[in-house]
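Asker: Return atomic coordinates for the entry below.
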Amino acid sequence: MLGKMQIQISHYEFTISAPYSEGHQLTAAEAKALNVERGERLRTQITRYLVKLAGGEAGTILSGEALAALRARATDLDANFQFGMLYRTKPKVGTIDSEISALAEELAREQMRTAGRDPEADAEEETFRMLVEGNKQRSDLFEEARKRLEIRASVAATAIEELTAQDLGL
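Answerer: You can find the predicted model right below:
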């Protein structure tokens, strides 16, 4: 049986489904944990959309039309929610992988904007993750990442030379 649960965001409360229940593969504690995690992920996505609708103003009371849009978005997110990877490994800063990841995410956000979707509200969705993973395979992103690292290394080397020269009084 499909359960329900309440989440609260700012001034608004939403009823969302709690699709996990005790069964032959889940204990009651596991089902509860999955539902809580799912609710928190939905809260995060709905909050991002709320902030967008409120123009970034905390505590703003939405108009009836904006509230209807928020509730429709919450219903859609709830109905279409799927867990993605439970963890993400982030490459270390300053590596080619970190640069490729950053470029792939930038490009995925632009692709979502072009498609009329809000990349900030949809950043946890599978579509966004699939775009990022697909973009990581692009050779032009590898070349751009390589160029960025070379520029960063050159700037760092120049800065070190200048600092060393200052310290030595040259």
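
Asker: Tell me how many other residues crowd residue 145.
Answerer: Residue neighbour count, defined by other C-beta atoms under 10 Å, stands at 21 for residue 145. Yep, even glycine has a C-beta here, placed from its N, CA and C like the rest.

Asker: what are the phi and psi angles of it?
Answerer: Torsion angles at residue 145 (phi, psi; degrees, to the nearest 10) stand at phi -60, psi -40.

Asker: any idea which helix or strand carries residue 6?
Answerer: strand 3-9 (DSSP states H and E).

Asker: what angle separates the helix or strand just after that strand from strand 3-9?
Answerer: Reading on from strand 3-9 to the C-terminus, the next helix or strand found by DSSP H and E is strand 12-18. Here strand 12-18 runs at an angle of 150 degrees relative to strand 3-9 (axes from the mean of the first three to the mean of the last three C-alpha atoms, to 10 degrees).

Asker: list the helices and strands strand 12-18 packs on?
Answerer: Contact partners of strand 12-18 among helices and strands, from 3 or more C-beta pairs under 8 Å, 6 or more residues apart in numbering; DSSP states H and E: strand 3-9, helix 28-53, helix 64-80.

Asker: Neighbouring strands - and their directions - for that strand?
Answerer: strand 3-9 (antiparallel) (DSSP bridges).

Asker: Would you mind putting the CA coordinates of the partner strand into PDB?
Answerer: Provided in PDB are the C-alpha atoms of strand 3-9 (Å, rounded to 0.1, in the frame of the first residue of the first chain):
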ATOM      1  CA  GLY A   3       1.800   5.700   2.100                       C
ATOM      2  CA  LYS A   4       1.900   9.400   2.400                       C
ATOM      3  CA  MET A   5       4.100  11.800   4.300                       C
ATOM      4  CA  GLN A   6       4.300  15.600   4.900                       C
ATOM      5  CA  ILE A   7       7.200  17.800   4.300                       C
ATOM      6  CA  GLN A   8       7.400  21.500   5.100                       C
ATOM      7  CA  ILE A   9       9.300  24.100   3.200                       C
END
